[in-house]
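Trainee: The sequence and its predicted three-dimensional model are supplied below.
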Amino acid sequence: MDINIRGPLLQLASLSEYLKDNASVIVTSSSSVYEGAKLTSLYTASKGALSAVIRVWSNELAHRGIRVNSLALGPVITNLRRFLSIEEQVEFEKSIVEQLPLGRAASANEIANVAMFLFSSASSYITGSEIPVDGGLIKR
């Protein structure tokens, strides 16, 4: 809860006065908010709270033209599971990827491309939204 909700709340509260008008704020949520997977209740609750907060922030900062959006990330290739053995990592990745219509985890560049769109003027009429970047997992 400290990392996934308290940290971003305090960060935006302390930094919002420094944001330029018409800026774009992006937070990362998770597809787990919509999945209901076992053993993820605290993580899911923290990301769900963050998903809700972006809608409030988008209203609070709209008068300055500041847009606030979220990326609901699915599986991304990272070293997050480095504490698992190689065999456990392979099995874990396989179990996740089997659920994805696109059949693979995202690269960091694929996530960055969506973020760059939200940072750009091409998304100037998008705020308070959560964009799934999840290989089709939640189909939302």
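Mentor: Yes, it's here.

Trainee: what's the longest helix in this structure?
Mentor: helix 41-61 (DSSP state H).

Trainee: so after that helix, what's the next helix or strand?
Mentor: Note on helix 41-61: by DSSP states H and E, the next helix or strand toward the C-terminus is strand 67-73.

Trainee: Who are the packing partners of that next one?
Mentor: The elements that strand 67-73 packs onto, with contact taken as 3 or more Cβ pairs under 8 Å, 6 or more residues apart in numbering; DSSP states H and E, are strand 24-30, helix 41-61, helix 108-119, strand 130-133. In this view, the C-beta of every residue, glycine as well, is placed from N, C-alpha and C.

Trainee: which residues sit against the worst-scoring helix or strand of the chain on mean pLDDT?
Mentor: The weakest-scoring helix or strand in the chain, judged by mean pLDDT, DSSP states H and E, is helix 86-97 (a mean of 80). With Cβ atoms under 8 Å, 6 or more residues apart in numbering as the test, helix 86-97 has contacts from 75, 81-82, 84, 103-105.

Trainee: can we see that at 7 Å?
Mentor: With Cβ atoms under 7 Å, 6 or more residues apart in numbering as the test, helix 86-97 has contacts from 75, 81, 84, 103-105.

Trainee: All set, thanks.
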